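[1] what shape does this take:
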Amino acid sequence: MDNKDLNTSKISKGLPNSFSNIVLVDCMDTILYRDISLDYLFVLWAKKMGKEFNIYYKFLLYYRREVVKGKMHNTVPIDDIYGEIYDHCNYFGLIQACSKDLFISKAHNIELSIELKHHHLRKDTAAYLRNAKSNNSLIYCVSDFRLPSFDINQFFSNLGIENLFTKVFSSCDIGKTKKRGDLYEYVIESIHKNPSECIMIGDNKKSDCVNANKYGINSYWLNISTASKIHLLTSKLKSLLTYI
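    Prediction:
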């Protein structure tokens, strides 16, 4: 996909002015955002896991990055990622009297707890979705996310908006992505709707808009809020200081 494709696609900016029968909506930076970067989240995860299992956290951080390098974009169940990290640690004798299942469970719970502590609701999107719900729209979250739909539902429950969604589709559950485009085909087939009935709302111009257009879905592009950008810049500074 080159810049010409991005510029010539039929994409509306901002939130829609009316309500569609079917609303597809991205999660991160569209419905909610973090006040830390993903990289810094991994640092926090590695530190908590290191304390839990008495492993130097930079080993865990290194193994996580190495494991993820060999995977397709967020298409692998997260527990498989944790399992491979366990295998690396076990091979080098870093794990003491801990089963693989326990390691995976702890890793997942720690990561989820960190996510939940750092989320903020994007109020403009939430207001639109509430109005859409009151106008009988069916709302589906469609996300290229590393965690499963069960976790995303917990994000929404934590923010008090879980009742807005008919279903959540996460790439790590399904093995398909918006980034490639095949997740849209899967969603349309799953909900048994015509693409012309749907709209897609998201912050990533290519994944959320251009690729949705390819499947006949009208799209709306949201820019990341100023508040979110400030949080991310602050988080990057924290992340850099971690390595000093």
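[2] now do the closest residue in space to residue 148 that isn't next to it in sequence, the pLDDT please.
    Closest residue in space to residue 148, ignoring its immediate chain neighbours: residue 173 at 5.0 Å, by Cβ to Cβ, 6 or more residues apart in numbering. In this view, the C-beta of every residue, glycine as well, is placed from N, C-alpha and C. As predicted, residue 173 sits at a pLDDT of 96.
[3] with residue 239 instead?
    Reported pLDDT for residue 239: 52.
[4] next one: residue 132
    97.
[5] quick one, what contacts it?
    19-20, 23, 139 (Cβ atoms under 8 Å, 6 or more residues apart in numbering).
[6] which of the helices or strands spans residue 62?
    Secondary structure assigned from DSSP states H and E places residue 62 in helix 57-69.
[7] what packs against that helix?
    helix 38-53, helix 78-91 (3 or more Cβ pairs under 8 Å, 6 or more residues apart in numbering; DSSP states H and E).
[8] quick one: mean pLDDT over it.
    93.
[9] in it, what's buried?
    Neighbour-count burial for helix 57-69 flags 57, 59-61, 63-64, 67-68 (criterion: 16 or more other Cβ atoms under 10 Å).
[10] before we move on, the earlier item: looks like the residue nearest to residue 148 contacts residue 146 (just checking).
    No: with contacts counted by Cβ atoms under 8 Å, residue 173 stays clear of residue 146, the gap being 10.8 Å.
[11] hang on, the earlier thing: secondary structure and distance to residue 108 added to the contacts of residue 132, as CSV?
    CSV is the format used below for the contacts of residue 132 (DSSP: H, G, I helix; E, B strand; the rest coil; distance: Cβ to Cβ, whole Å):
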residue, secondary structure, distance to residue 108
19, coil, 36
20, coil, 35
23, strand, 29
139, strand, 26
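[12] redo these as a markdown table? Include distance to residue 182, pLDDT and neighbour count.
    Below are the contacts of residue 132 laid out as a markdown table (distance: Cβ to Cβ, whole Å; pLDDT from 0 to 100; neighbours: other Cβ atoms under 10 Å):
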| residue | distance to residue 182 | pLDDT | neighbour count |
| --- | --- | --- | --- |
| 19 | 27 | 92 | 15 |
| 20 | 22 | 92 | 21 |
| 23 | 20 | 98 | 26 |
| 139 | 22 | 98 | 22 |
